[in-house]
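> Turn this into a model:
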Amino acid sequence: MKQERTLDAPRLLGIVWPFIAVVLFQALLGCVSLYMLSAVRGYVAGESLWSKGQKDAIYFLTLYADGQDPAIFAKYEQAIRVPKGGYVLRKALDQTPPDLDAAREGILQGGNSPEDVSSIIWFYRYFRNFSYLDRAIEKWVVGDSYLDQLDALAREIHRDTSAHQASAADIQRWKADIFAINEGVTPTAKAFSDALGEGSRFILNLLVLTNLATALGLILLALLRTRKILAQRRAFAEALQMERERAQITLESIGDGVISTDVNGAIAYMNPAAEQLTRWRSEHAQGIPLAALFKLLDENAQDDGFKLIDRILGGELGNHSEHAKLIQRADGSTVSVTLVGAPILHAGQVSGAVLVLHDMTRERQYLANLSWQTTHDSLTGLTNRREFEYRLELVLQNLARQQGRHALLYLDLDQFKLVNDTCGHAAGDELLRHVCALLQAGLREGDTLARLGGDEFGILLENCPPDVAETIADGLRQTVQSLHFVWKGRPFLTTISIGLVHIHLAPVTIEGLLQAADMACYMAKEKGRNRVQVYHADDSELSLRFGEMAWVQRLHVALEDNRFCLYAQEIAELGSTRDAAGHIEILLRLYDESGRMILPDSFIPAAERYGLMSSIDRWVVENVFRIISECAARSPGRPMAVCAINLSGTTIGDEDFLAFLHEQFECYGVAPEMICFEITETSAIANLGSAIRFINDLKGLGCQFSLDDFCAGMSSFAYLKHLPVDFLKIDGSFVRDMLDDPINRAMVEVINHIGHVMGKRTIAEFVESPQIERALIEIGVDFAQGYTIERPKLFNCESLLCRPERRKSQVLKSPGALR
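Okay, the predicted model is just below:
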């Protein structure tokens, strides 16, 4: 809503402009009135001169008729000029357009003052039809007719007299005519004078009434404006009171203490927050110096020696920044506050000061809690990973300057997930608190115990010889093992696996130490849990795990940077000359940071161990489907090879991955008959139930399946009848040496025979010579794959659409188809 202008600051012009307008109107009206009265006065004076001139003319003409003296006639002519001037004036102004020059000459001839010329002409022109003036002009016209008669008679008398032809009878007649003219013009002149008098009186009355009305309007306007000003004053007073009350309520409601003083520092006002902060009542503090309320101290509880009021008036506590101080109250207690102060200015002069005090007790407590939370675990109260790594870094820095013996322990509860899954997280949290208490009790003073993760802990043993560190670690293990944890009547056996690193023997970086301790703990779990594994740099098994762990981050980066690529290798049908598009296996390769190609056997074990295979398999499926879709769109109607895609055991058991496959088939429009999924025998047996459900679901769509590395395990035949696969891939270890080892050849023959009995087609891997190929044909193996058939090449539309003629020449022995 638009704010009313009632509360706006009044402006002088806004108040007085009506008065100025009325005064200007009054002045204009007065000028017009005076000008009009001047014109009327001019006419009245002219009428007097005209009447006098007319009487003088009659008088001198009568004398001239009696005496016939030329001097008398000259006086007559002089007298008659005055009324003739009025005649000239009237005739000049009655013309269209008016002859103003002639009118001026007539007025001057009539004897009027030159100053009255303009007003007489103005009044005649603009008030000619005014009733009074119109009646006067009518009498004026009649009088001019008598003057014309008089002047004609005068000319006759002068002519006859000059010719000496005047008789006594003529004289008598002339005098009678003069008398008659005088008798006729006198009433006319009186009527003209009366009309002017009435008109002047009417105008005078009109002007008086107009001025009275204007004065009355001015008084009324003054009353109205005064009333409005009074209303505005009341509104200002009410608004000021409202703002004052609002400010008062605001000051009393805010949590910061507000103190105002006069220019000498005497207290003028304190809000309730200031009363609580200073422990002074406002009525008791009125008029006392500000320095009596409290003292300013520095952080070491020393008086800073500055007069607070002087600092405020000097602008040292301005609003641009807050000034943290410790204040000491009258009772001796102290509190930390921030101060903001400013001088109060009135008309450019300092009239006082205002000081705002904010109690920092809560903030400091909050900051302390926040600082504690940033360095401690909220559940157990132990040091967290961030603080633990900071302390470990300090130890390493001191180690660089001064040799010492320190130890790092990495602890992980065994089967902790079982507690969470069976009894809930509340039970898991309670178990963690019990374990923490036991671990803390088993450490020396100065040792650091930290919670690094869910059920993972770190211990830093400073200045601890290796034998003592190993004793402490084993003692902690035994302590945890002795814990009898019971949750709602259900007992749990608690054990812990510990990895121990002697810092002076290990890589001196935080990452290297934590990785070494983590790997040692991992090895303790792999060796049966509930044990202490000491890290040794020359441990080959640990070195292997280190290598795998290094691959984890590299694989994450490779997925983000899209540095994987796909190759294809033909799976040729043996003993057939059909020109079908054929069957290819999709092979995965990785380009490292320097662009070198890395084969899968370098990174697949690490990906499988650390749960990255599902992401890699998703990448492979999506990119294979994309290339097939692009190829189908580019070459519609042309046959394309069946693509064999390797899947890991973890992927087979992932329900989300099955849904992902359905989405990809629908998204890219790939025919399921074009896809053959390869799963290894060991992964299928390890996840038999999941593998069967997975295979049956996708076979329902039309996909095919191949069992890779068949017979690598010795229990293969027992499970084969449960797996609805289409192909058996005979493990390459049998195929490679089948010409030299009769047992291997027999294994190939047995696998091929049993596969055919079960209605499955067989594929031999590692076919690296024409002799092996011929032997496989003799045995009756259906398909062959290896360097003799085709070397892997980049997977693209060309590898999908056409199969080049197979090489029949001997090739150097080299690795076969790898994932």
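
> Check what contacts the one helix or strand Ile584 maps to and list those residues.
Element membership for Ile584, per DSSP states H and E: strand 583-591. The contact list for strand 583-591 (C-beta atoms under 8 Å, 6 or more residues apart in numbering) reads 558, 563-573, 597-600, 602-603, 616, 620, 624, 641-646, 676, 678, 783, 785, 792, 795, 799-800, 817-819. C-beta coordinates here come from the backbone N, C-alpha and C atoms, glycine included.

> Please repeat the previous calculation with a cut-off of 7 Å.
Applying C-beta atoms under 7 Å, 6 or more residues apart in numbering, the contact partners of strand 583-591 are 558, 563-571, 597-600, 603, 620, 624, 641-645, 783, 785, 792, 795, 799, 817-819.

> Buried ones among those residues?
Among those, those scoring as buried are 558, 563-564, 566-571, 598, 600, 603, 620, 624, 641-645, 783, 785, 792, 795, 799, 817-819 (criterion: 16 or more other C-beta atoms under 10 Å).

> and those residues, which of them are in helices?
If you go by DSSP state H, the buried ones among the contacts of strand 583-591 have Ala558, Val620, Val624, Ser799 in helices.

> And the residues you listed, which two are furthest apart?
Greatest spatial distance among these (C-beta to C-beta): Ala558 and Ser799, at 22.7 Å.

> just to revisit the earlier point, how about the strand holding Ile584: buried residues?
Neighbour-count burial for strand 583-591 flags His583, Ile584, Glu585, Ile586, Leu587, Leu588, Arg589, Leu590 (criterion: 16+ other C-beta under 10 Å).

> Quick check: longest helix in this structure by residues?
Identified as the longest helix of the chain according to DSSP H is helix 168-253.

> and after that helix, which helix or strand comes next?
Immediately after helix 168-253, counting by DSSP H and E, sits strand 257-262.

> Who does the helix or strand following that following strand pair with, and is each partner parallel or antiparallel?
Next in sequence after strand 257-262, counting helices and strands by DSSP H and E, comes strand 267-270. Its sheet considered, strand 267-270 pairs with strand 257-262 (antiparallel) by DSSP bridges.

> relative to helix 168-253, how tilted is the strand it pairs with?
Angle, strand 257-262 to helix 168-253, by axes from the mean of the first three to the mean of the last three C-alpha atoms, to 10 degrees: 130 degrees.

> Restricting to C-alpha, output strand 257-262 in PDB.
Extracted in PDB, the C-alpha atoms of strand 257-262 (Å, rounded to 0.1, in the frame of the first residue of the first chain):
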ATOM      1  CA  GLY A 257      22.000  -4.200  25.400                       C
ATOM      2  CA  VAL A 258      21.500  -0.600  24.300                       C
ATOM      3  CA  ILE A 259      22.700   2.300  26.500                       C
ATOM      4  CA  SER A 260      22.400   6.000  25.600                       C
ATOM      5  CA  THR A 261      24.200   8.900  27.300                       C
ATOM      6  CA  ASP A 262      24.500  12.600  27.100                       C
END
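
> and for that strand, what are the contacting residues?
Against strand 257-262 from outside (C-beta under 7 Å, 6+ apart): 251, 267-271, 273-274, 277-278, 290, 309, 352-357.

> Are any of those residues buried, and if so which?
Buried by 16+ other C-beta under 10 Å: 251, 267-271, 273-274, 277-278, 290, 309, 352-357, out of the contacts of strand 257-262.

> so who does Thr226 touch?
Listed by C-beta under 7 Å, 6+ apart, Thr226 has no contact partners.

> Just the pLDDT for it.
If you check Thr226, the pLDDT there is 82.

> Also Lys729?
Note on Lys729: pLDDT of 91.

> Next up, the contacts around it.
Neighbouring residues of Lys729 by C-beta under 7 Å, 6+ apart: Ser706, Leu707, Asp708, Asp709, Phe710, Ile763, Glu765.

> Relative to Phe710, how far out is it?
Going from Lys729 to Phe710 by C-beta to C-beta, to the nearest Å gives 6 Å.

> again, but for Val208
According to C-beta to C-beta, Val208 stands 133 Å off from Phe710.

> okay, these two: which has more neighbours?
The neighbour comparison of Val208 against Phe710 (other C-beta atoms under 10 Å) goes to Phe710, with 27 against 11.

> before we move on, which element is the nearest residue to that one once chain neighbours are set aside in?
Setting aside the residues directly before and after it, Phe710 is nearest to Leu728 in space (C-beta to C-beta, 6 or more residues apart in numbering), at 4.7 Å. Here Leu728, judged by DSSP H and E, is contained in strand 727-730.

> Could you identify the helix or strand that succeeds that strand?
As assigned by DSSP H and E, the chain's next helix or strand after strand 727-730 is helix 732-736.

> Mind giving me the packing neighbours of that next one?
helix 742-757 (3 or more C-beta pairs under 7 Å, 6 or more residues apart in numbering; DSSP states H and E).

> State the mean pLDDT of the helix it packs on.
On average, helix 742-757 scores 91.

> Using PDB, write out every CA atom in stretch 504-518.
Output of stretch 504-518 as PDB, limited to C-alpha atoms (Å, rounded to 0.1, in the frame of the first residue of the first chain):
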ATOM      1  CA  HIS A 504      60.100 -45.300  11.400                       C
ATOM      2  CA  LEU A 505      60.000 -48.300   9.100                       C
ATOM      3  CA  ALA A 506      57.200 -47.200   6.900                       C
ATOM      4  CA  PRO A 507      56.700 -44.500   4.200                       C
ATOM      5  CA  VAL A 508      56.700 -41.200   6.000                       C
ATOM      6  CA  THR A 509      53.500 -39.700   4.400                       C
ATOM      7  CA  ILE A 510      50.100 -39.600   5.900                       C
ATOM      8  CA  GLU A 511      48.500 -41.300   2.900                       C
ATOM      9  CA  GLY A 512      51.200 -44.000   2.800                       C
ATOM     10  CA  LEU A 513      50.900 -44.700   6.600                       C
ATOM     11  CA  LEU A 514      47.200 -45.000   6.600                       C
ATOM     12  CA  GLN A 515      47.100 -47.100   3.500                       C
ATOM     13  CA  ALA A 516      49.800 -49.400   5.000                       C
ATOM     14  CA  ALA A 517      47.900 -49.700   8.300                       C
ATOM     15  CA  ASP A 518      44.600 -50.300   6.400                       C
END
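
> So for it, what gets flagged as buried?
Buried residues in stretch 504-518, counted by 16+ other C-beta under 10 Å: Ala506, Ile510, Leu513, Leu514, Gln515, Ala516, Ala517, Asp518.
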